[in-house]
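> Below: sequence and its predicted model.
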Amino acid sequence: MTVKNAFYAQSGGVTSVINASACGVLETARAHSDKIGKVYAGHNGIIGALREELIDTSLESDADIAALKHTPGGAFGSCRYKLKDIKTHKAEYERLIEVFKAHNIGYFFYNGGNDSSDTAYKVSQISEQLGYPITSIGIPKTVDNDLPITDCCPGFGSVAKYISTSIMEASLDIQSMCESSTKIFVMEVMGRHAGWIAAAAGLAQREEGGAPQIILFPETPFDKASFLRRVDEVVKRDGFCAIVVSEGAQYADGRFLSDAGVTDAFGHTQLGGVAPFIANMIKSELGYKYHWAVADYLQRSARHISSATDLDQAYAVGKAAVDLALAGKNAVMPVIVREQDSPYKWSVGEAPLAKIANVEKKMPKEFITEDGFGITEAARRYLQPLIQGESYPPYKNGVPDYVKLKNQLVAKKLAHSFNV
């Protein structure tokens, strides 16, 4: 029986630990070279498969593959590209099969979030419809922490650690200057429909009612009057107010506060600018001097402050993906299973992609305080273990020493190209 090769690709917004999942896949596949041949990585995600731009990871040294564990970003390039419906865009799937056949690929590992799970699920179906056997395994990754079934998503714990640390430090800064200067600080964080990242900011509170005094979640409809009233109360009580707002904060009718009026490659509303929107509202209505910041890419790329727990889980799901494939599983995803909160214990389980694809897990009501501006003790019990532990990267000349792979493409075997 011919040993099949594997295809691994990264998708969507990357994280500070997605390369740890890649490391888990590659090291585990190398340990089973009698069952999996070469592992090709998609240059820029699934686009690399469609364009037949495959990176030969066998050319990378064991040391460089191991260094992926402490290197942020997407080592092979990621993308925002969602496979269309096979009924109306069969050519895309026929192209995938054509490329897989040409390079003897029998395993497909796709590392991403909601839309990426959909892609992995669709690929698992084409073996039946197009007559080519493909073992397709999804690998969870998303800073938004909004995949169902899995207790948490690799990538989230590190963002949570970064956000809680950043708002704690910024709050100390503004507190020291509020008597004669700025009284309002607004930090915008990621989170389109789910407020997990915003909630993590609550871990910075060192006492009840401490900074950040206000958190705005997508799950809680924004009410201007009650919000401004709370801001004014906090400033008069504490002298300053630190606010964390999710980019997906919205009104009761579902309109985003920061709707930019355009959509991204996945068809999602492009968001951005809710921090200055909130800050200017406060200035206009209450007159308080402000500063605002957008965590943006900094929150998801900050490998220097990644959670050790998150790193361990990211590697574990990469390893488990290969183990599941070799066990004959298909159309599944390895997931994190929480066994207990304190001391925190977790393991890796599995779930069908059909129940994960295109499903978003939002913050449960019991995690948000009754007034809608903070997190409950239940939320703290859930969040706290995910930011535990430090795993600093090696440093050289005062800055992190991150690996850069060769990323050499294999020779194309197909005569024609495919436009993406």
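Noted; the coordinates are in hand.
> show me where pLDDT drops low in the stretch 1-150 of the chain?
For the stretch 1-150 of the chain, applying pLDDT under 70 flags the ranges 1.
> how about the helices in it?
Taking DSSP state H, counting those that start in this stretch, the helices of the stretch 1-150 of the chain run over residues 18-31, 46-50, 62-67, 90-102, 114-130.
> Would you mind writing the CA trace of the third one as PDB?
Coordinates of the C-alpha atoms in helix 62-67 are reproduced here as PDB (Å, rounded to 0.1, in the frame of the first residue of the first chain):
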ATOM      1  CA  ASP A  62      13.900  19.400  13.200                       C
ATOM      2  CA  ALA A  63      15.300  22.400  15.200                       C
ATOM      3  CA  ASP A  64      13.400  24.900  13.000                       C
ATOM      4  CA  ILE A  65      10.200  23.000  13.200                       C
ATOM      5  CA  ALA A  66      10.600  22.900  17.000                       C
ATOM      6  CA  ALA A  67      11.200  26.700  17.000                       C
END
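> Can you name every helix or strand that it contacts?
Of the remaining helices and strands, those touching helix 62-67 by 3 or more Cβ pairs under 8 Å, 6 or more residues apart in numbering; DSSP states H and E are helix 18-31. Backbone N, C-alpha and C define where each C-beta goes, glycine included.
> what comes into contact with the helix it packs on?
6, 8, 10, 36, 39, 41, 57, 60, 62, 65-66, 68-69, 71-76, 78, 109, 111, 139, 141, 154-155, 311, 314-323 (Cβ atoms under 8 Å, 6 or more residues apart in numbering).
> Domain-wise, how is the chain divided?
Here the domain parsing of the chain from automatic domain parsing is 4-141+304-358+391-400, 156-302+372-387.
> Turn these into JSON lines, including distance to S417.
Output for these, formatted as JSON lines (distance: least, Cβ to Cβ, whole Å):
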{"stretch": "domain 4-141+304-358+391-400", "distance to S417": "7"}
{"stretch": "domain 156-302+372-387", "distance to S417": "20"}
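> Provide a list of residues in contact with the residue nearest in space to the middle of the chain.
For the chain, the residue nearest the mean C-alpha position is T142 (2.0 Å; Cα atoms, centre = their mean). The neighbourhood of T142, defined by Cβ under 8 Å, 6+ apart, consists of 12-13, 15, 112-114, 153, 155-156.
> R380: helix or strand, and which one exactly?
helix 377-383 (DSSP states H and E).
> from the middle of its chain, how far away would that helix be?
Helix 377-383 sits 20 Å away from the centroid of its parent chain (Cα atoms, centre = their mean, to the nearest Å).
> buried sites along that helix?
By 16 or more other Cβ atoms under 10 Å, the buried positions in helix 377-383 come out as 379, 382-383.
> Same question for stretch 289-308.
Neighbour-count burial for stretch 289-308 flags 290-295, 299-303, 305-308 (criterion: 16+ other Cβ under 10 Å).
> wait, which of these is closest to N397?
Set against N397, the nearest of those by Cβ to Cβ is R303 (16.7 Å).
> what does the model give that closest one for pLDDT?
Per-residue pLDDT puts R303 at 98.
> was I right about it contacting H70?
Yes - R303 is in contact with H70 according to Cβ atoms under 8 Å; the separation is 6.5 Å.
> any common contacting residues for these two?
Among the neighbours of R303, those also in contact with H70 (Cβ under 8 Å, 6+ apart) are 393, 400, 402.
> I am finished for the moment; much appreciated.
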